[in-house]
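1. Got a sequence here, can you build the structure:
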Amino acid sequence: MGGVYRIGVATSDGIVVNEHFGRASRFLILDIEEDGSIRTVENRTVTPVCEGGNHDDEKLAENVKCLSDCRYLLVSRIGQGAANALEQQGVLAYELPGIIEESVQKLLSYVKIQSLLSWSDRE
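-> Numbering: from 1, shown residues only. Predicted coordinates for the structure are as follows:
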């Protein structure tokens, strides 16, 4: 991976973060480069986990595996079970609906603050 972070974005139109993790059929995959620029890597298709209110654990496991190269996911909503399954694979999901670039900037600001806080804890 070339970038600092790989982010998967649950989006129906490539413009806004507007999909619930379990209902998403595609994720826009972005790499955040060293200089902070955003590079689109691909549109990745997944099988929606939720259909008619039912959750399919097998589909969830497949989607988690399919997205496991991402460090973060941006979604409009995600259930605790799915978030836990992703976290076990090292992927952190955040509910940050809105315009993709703005949601990514919010995530990066949060990540930067968290790293500064954890750094100050070491001193």
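2. For the rest of this, base every contact and every neighbour count on C-alpha atoms.
-> OK.
3. Beta-bridge partners for the most centrally placed residue in the chain, please?
-> With distances taken as C-alpha atoms, centre = their mean, L73 lies nearest the centre of the chain, 0.6 Å away. Beta bridges link L73 to G8, A93, judged by DSSP bridges.
4. Need the contact partners of the helix ranked longest in the chain.
-> If you go by DSSP state H, the chain has its longest helix at helix 100-121. Contact with helix 100-121 is made by V9, G14, I15, V16, V17, L74, L96, P97, as judged by C-alpha atoms under 8 Å, 6 or more residues apart in numbering.
5. what sits against the fourth one?
-> So that's V16. P97, G98, I99, I100.
6. How about the contacts made by the residue nearest to the centre of the chain?
-> I7, G8, V9, A10, V91, L92, A93, Y94.
7. and with 10 Å instead?
-> Going by C-alpha atoms under 10 Å, 6 or more residues apart in numbering, L73 touches 6-10, 21, 27-29, 67, 83, 86, 91-96, 104, 107.
8. again with G81
-> D57, L60, E87.
9. Output the lowest mean pLDDT helix or strand found in the protein.
-> Within the chain, no helix or strand scores below strand 54-55, which has a mean of 67 by mean pLDDT, DSSP states H and E.
10. Perfect, I'm done here.
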